[in-house]
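>>> I would like the atomic coordinates for the input below:
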Amino acid sequence: MPDFLRTRIRWILIFWMFVVSAIAYLDRVNISIAGPTIIQEFHLTNVQMGWIFSAFVLGYAFFQAPGGWIADRMGPRFVLAMGVVWWGVFTVLITLLPPGAGGMIILLVAIRFSLGIGEAVVYPASNCVVAAWIPSAERGIANGVIFSGVGLGSGITPPLITYVMLHYGWRSAFWVSALLGLVAGAVWYMVARDTPREHPWIQKEEIAHIEAGLPQTGAAGKGKLPWSSILGNRDILAVTFSYFSYGYAAYIFFSWFFIYLRTVRGLNAQDSSYYTMLPLLAMAVCSPLGGWVSDRLTKRYGKRVGRCGLAMFGIGLCAIFLALATQVSSAQLASVVLAGGTGALYLSQSSFWSVSADIGGKSAGSVSGVMNMGGQLGGALTASLTPWIAKQFGWTQSFLVAAGLCALGSLAWMVVHPEGKSSRQMVHRD
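Residues are numbered from 1 along each chain as shown. Alright, predicted model coming up:
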């Protein structure tokens, strides 16, 4: 390995987590592109397809905390590699089902639920990597890079899956998704280690830099946290509630943005597809940008400003954009405003994961798993509640509810103290 890379092993791991993050979203979004074909081939209704979509979200949400707990104890290197194998298997299982098989809907729901279980380890495991490998002052940009993979994965899925489907069929598209994941997982297992001192390529200078920058307060450097300390901690509960509101708003763009532009704003299919890309681009740009800004502010003013303050600003700004979009008459301008809301939301992304790593320390996987479970439950709620509100009261009210939740999620950061009393007094178990 070249010498200049030997002092940057931590950034090689962060880059590969970015790759895994992108592929994880490819594997979860591919079914939405292949959905119409699957519905036709398996003789499903739209309602049944909705059950299949929801099965993944529920499996993903409910296994966040257990996945984080496993990553804390078995290490992110092994857990993430096995997770990639797991979701590769359940990605291709759906392609092996013959049309007309008995209990088809039950099998499809079970497969997607199991896929959600496998993918649930991704971000809690990545937070274990951040907690062990990344100095506190660099965690904003590190998490920003990791989560920019969400925008990349969501963005490349439609053209990639569509191309493979048109030329080789939808089953081949799922096999390609699984193969990409297995390759990424194999590379991860070769290059990753759970801690810097375990890595054969790392130099002493980088180890010293990492260890000097790890937080020395709160849970860092101490034993693992019992669930009673995690679930009873005010800071963790406030961050989890804020991430619930975050997930509620974010999943509007994942689930309903294209449909909103087509059916409510009246854009044609081609224009809708173009404007649907705007939120994804905003995610990809603003996630690392927010991480960079967070690190700069943290270095100068401390974590209350750099982490909590930026998160409060980003989610609060998203609330404003969501409310403003309902007052814009132009469909194109409304799309741009809503994309601005997505960008504002993702400015705060790295703060959530940086703070949960700082508070959790050696239990960063468990703490971030609890937090991410809140975010995914928010996403599951918006998938069904948003169209219901729109049907009963109109789409304006749907977006205003999301804006209101974002405002509350922003205010929740006022009580969070990453280096404060609540974190210092957490009980540890060695």
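
>>> Which positions within stretch 181-199 qualify as buried?
181-182, 184-185, 188-189, 191-196, 199 (16 or more other C-beta atoms under 10 Å). C-beta coordinates here come from the backbone N, C-alpha and C atoms, glycine included.

>>> What average pLDDT does that stretch get?
The average pLDDT within stretch 181-199 is 94.

>>> Helices of the stretch 301-430 of the chain, residue ranges please.
303, 310-325, 331-347, 349-360, 364-393, 395-412, 421-424 (DSSP state H, counting those that start in this stretch).

>>> If you average pLDDT over each of those helices, which is lowest?
helix 421-424 (a mean of 52).

>>> Roughly how far does residue 198 sit from residue 329?
The gap separating residue 198 from residue 329 is 59 Å, by C-beta to C-beta, to the nearest Å.

>>> Which of the helices of the stretch 301-430 of the chain has the highest mean neighbour count?
Comparing the helices of the stretch 301-430 of the chain by mean neighbour count (mean count of other C-beta atoms under 10 Å), helix 349-360 comes out on top with a mean of 31.

>>> give the contact list for residue 75.
The neighbours of residue 75, taking C-beta atoms under 8 Å, 6 or more residues apart in numbering as the test, are 128, 194.

>>> For it, report the pLDDT, please.
93.

>>> now swap in residue 220 and tell me
We have a pLDDT of 47 for residue 220.

>>> what do you get for the one 5 residues further on?
Model confidence at residue 225, given as pLDDT, is 80.

>>> and the nearest residue to it once chain neighbours are set aside, how many residues sit next to it?
In space, and not counting its chain neighbours, residue 225 is closest to residue 363: 4.0 Å by C-beta to C-beta, 6 or more residues apart in numbering. By other C-beta atoms under 10 Å, 32 other residues sit near residue 363.

>>> who's in contact with residue 363?
72, 219, 224-225, 230.

>>> Check those for burial and list the buried ones.
Counted by 16+ other C-beta under 10 Å, the contacts of residue 363 give 72, 219, 224-225, 230 as buried.

>>> can you list these in TSV and add distance to residue 252 and secondary structure?
Converted to TSV, the buried ones among the contacts of residue 363 look like this (distance: C-beta to C-beta, whole Å; DSSP: H, G, I helix; E, B strand; the rest coil):
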residue	distance to residue 252	secondary structure
72	32	helix
219	34	coil
224	36	strand
225	33	coil
230	29	helix
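
>>> TSV please, covering the residues you listed and showing distance to residue 33.
Formatted as TSV, the buried ones among the contacts of residue 363 follow (distance: C-beta to C-beta, whole Å):
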residue	distance to residue 33
72	35
219	41
224	41
225	40
230	37
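
>>> gap between residue 106 and residue 59?
Residue 106 is 14 Å from residue 59, by C-beta to C-beta.

>>> who has more neighbours, those two?
Legend: neighbour count by other C-beta under 10 Å for residue 106 and residue 59, higher for residue 59 (23 against 10).

>>> these two touch, right, that one and residue 109?
No - when contacts are counted by C-beta atoms under 8 Å, residue 59 is not listed as touching residue 109 (9.7 Å).

>>> List the residues that contact the nearest residue to residue 328 once chain neighbours are set aside.
Spatial nearest neighbour of residue 328, chain neighbours left out: residue 334 (4.4 Å); criterion: C-beta to C-beta, 6+ apart. Taking C-beta under 8 Å, 6+ apart as the criterion, residue 334 is in contact with 265, 325, 328.

>>> Looking at the residues you listed, spot the one nearest residue 169.
Nearest to residue 169 among those, counting by C-beta to C-beta, is residue 265 at 33.3 Å.

>>> ok, and the closest non-adjacent residue to residue 352?
In space, residue 352 is closest to residue 243, 5.6 Å off (C-beta to C-beta, 6+ apart).

>>> The one you found reaches residue 371, doesn't it?
Yes - with contact defined as C-beta under 8 Å, residue 243 counts as touching residue 371 (5.1 Å).

>>> what touches both of the two?
In contact with both residue 243 and residue 371: residue 352, using C-beta under 8 Å, 6+ apart.

>>> Next up, phi/psi of residue 135, please.
phi -60, psi 150 (degrees, to the nearest 10).

>>> For it, give me its contacts.
Per C-beta under 8 Å, 6+ apart, neighbours of residue 135: 209-210, 212-214.

>>> go with 6 Å
Residue 135 makes contact with 210, 213, according to C-beta atoms under 6 Å, 6 or more residues apart in numbering.

>>> Begin at 44, not 1, for the rest of this chat.
Sounds good: first residue 44 from here, last item residue 178.

>>> Any chance you could list what contacts stretch 331-343?
For stretch 331-343, contacts defined as C-beta under 6 Å, 6+ apart pick out 180, 183-184, 186-188, 191, 348-349, 353, 390, 393-394.

>>> Now do the helix or strand harbouring residue 297: distance to the chain's middle.
Taking DSSP states H and E as the criterion, residue 297 maps to helix 277-298. Chain-centre distance of helix 277-298: 11 Å, with C-alpha atoms, centre = their mean, to the nearest Å.

>>> the helices in the stretch 194-343 of the chain, which residues?
Under DSSP H, counting those that start in this stretch, the stretch 194-343 of the chain gives helices at 213-234, 247-256, 270-274, 277-298, 300-302, 312-344.

>>> Mean neighbour count, those: which tops it?
The most buried one of these (mean count of other C-beta under 10 Å) is helix 277-298, showing a mean of 24.

>>> so what does that one touch, helix or strand wise?
In terms of contacts (3 or more C-beta pairs under 6 Å, 6 or more residues apart in numbering; DSSP states H and E), helix 277-298 is packed against helix 407-436, helix 438-455, helix 464-467.

>>> Including distance to residue 279, could those helices go into CSV?
Output for these, formatted as CSV (distance: least, C-beta to C-beta, whole Å):
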stretch, distance to residue 279
helix 407-436, 6
helix 438-455, 11
helix 464-467, 9
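
>>> Of all the ones you listed, which one comes closest to residue 361?
That would be, of the helices and strands packed on helix 277-298 and by C-beta to C-beta, helix 438-455, which comes in at 5.0 Å.

>>> Give me the residues contacting that closest one.
With C-beta under 6 Å, 6+ apart, helix 438-455 has contacts from 281, 284-285, 288, 291-292, 295, 307, 355, 358-359, 361-362, 365-366, 369, 429, 432-433.

>>> switch the cut-off to 7 Å
By C-beta atoms under 7 Å, 6 or more residues apart in numbering, the residues outside helix 438-455 that reach it are 281, 284-285, 288-289, 291-292, 295, 303, 307, 355, 358-359, 361-362, 365-366, 368-369, 429, 432-433.
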